[in-house]
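In: Turn this into a structure:
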Amino acid sequence: MRLIVHGQQAYGKSVLESILDKGVDEVVAVYCAPDKEGRPLDPIKEFAQEKGLSIYQPESYKNPAVWEQMASHEADLCVMAYVLLFVPEEALNVPKYGSIQYHPSLLPWHKGPSSINWPIIMGKQETGLSIFWPDNGLDTGPILMQKVVEIEADDTLGSVYFNKLYPLGVEAMMESIELVRDGSAPREDQNPGDGSYEGWCRKDDVCIDWSKPGDEVYNLIRGANPQPGAWTTFNGAEVKVFDSRKIDGSGEAGSVLAVDDAGIKVATGDGAVLIMKVRADAGKLAAAEYAAAVGLSVGSTLGT
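Out: Model (predicted):
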């Protein structure tokens with residue numbers, strides 16, 4: 001088939017690279033986000049340049065001139081690998097077979113831009129990915145393929161994405177292209193009343209409330225690790241909490257129960273969490289180093 005590859009960042013590059021490596025389909029154009037002044041080139045653009053591919057970077061996909069430009073490629077399919085700009089159906093339907101898109105959740109659950117953070121924060125034990133046929137809704141189009149992954153007890157946003165959903169997503173996209181090529185790609189409609197939608201997981205969503213149960217505190221920390229980074233305060237100064245572990249312990253919520261080479265042990269509503277890595281004014285460092293630098297010790301209270 002003749003393919004348009006529309007994506008950005010490392011995932012978009014990996015999908016493009018896999019398509020080229022397979023050598024079955026022809027990439028007739030690469031669409032990616034506009035350049036940002038003072039920022040490095042997007043990895044997919046840099047790779048596309050190395051391969052001598054035609055690159056397009058519209059500011060918006062609501063422009064009829066962009067639809068005409070896309071039509072000029074006479075593509076069979078548009079492969080959307082991590083796209084943040086809204087793409088209307090007028091652009092989605094330009095290729096002969098339309099467009100397929102990757103979304104890192106089991107649609108219709110966790111529609112929206114932070115779909116990996118929220119299942120972890122909510123304490124779910126599994127999530128997954130969907131390849132779907134996008135429409136004018138937000139992650140609402142018919143499902144082509146889904147794959148399930150386990151959220152293990154010590155998984156973080158980073159490990160679920162990079163170790164599981166990223167590589168599996170590249171494989172699923174390649175499988176989906178093959179199904180479209182063979183004329184056997186499913187289109188299973190989503191029920192509009194099912195599932196959930198959550199917005200961006202932002203700083204205000206991940207302030208640690210130490211009075212919450214230990215499971216909730218731990219899930220919040222790992223679901224925001226590495227972005228946006230769960231945070232608390234000590235003596236009025238913010239500190240982000242990254243690597244952590246749920247452990248036994250009891251005390252007044254937010255109180256420091258122990259400080260040693262392993263980290264900072266902090267009481268929660270019904271247990272404790274061991275903080276092992278933080279980011280503060282001095283940058284990212286081991287929790288024990290942070291404690292020594294700011295004078296945090298047994299009996300200190302976080303969230304103050």
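
In: check contacts around residue 59.
Out: Residue 59 makes contacts with residue 34, as judged by CB atoms under 8 Å, 6 or more residues apart in numbering. (Glycine included, C-beta is placed from N, CA and C.)

In: Which secondary structure state is assigned to it?
Out: Put simply, residue 59 is coil when judged by DSSP: H, G, I helix; E, B strand; the rest coil.

In: Please determine how far it is located from residue 100.
Out: Residue 59 sits 24 Å away from residue 100, taking CB to CB, to the nearest Å as the criterion.

In: And stretch 197-213, end to end?
Out: Stretch 197-213 stretches 25 Å from its first residue to its last (CA to CA, to the nearest Å).

In: any idea how far it is from the chain center?
Out: 16 Å (CA atoms, centre = their mean, to the nearest Å).

In: So which bits of it are buried?
Out: For stretch 197-213, the neighbour count (16 or more other CB atoms under 10 Å) marks 197, 198, 201, 205, 206, 208, 210, 212 as buried.

In: From the rest of the structure, what touches that stretch?
Out: 110-115, 117-118, 121, 138-139, 217, 220-221, 223-224, 227-232, 241, 253-254, 266-271, 302-303.

In: So among those residues, which ones count as buried?
Out: 110-112, 114-115, 117-118, 121, 139, 217, 220-221, 223-224, 228-232, 241, 253-254, 266-268, 271, 302.

In: Can you tell me which of those residues end up in strands?
Out: Members of these lying in strands (criterion: DSSP state E): 230, 231, 232, 241, 266, 267.

In: With distance to residue 2 and pLDDT added, can I get these in a markdown table?
Out: Formatted as a markdown table, these follow (distance: CB to CB, whole Å; pLDDT from 0 to 100):
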| residue | distance to residue 2 | pLDDT |
| --- | --- | --- |
| 230 | 45 | 98 |
| 231 | 48 | 98 |
| 232 | 52 | 98 |
| 241 | 48 | 98 |
| 266 | 56 | 98 |
| 267 | 60 | 98 |
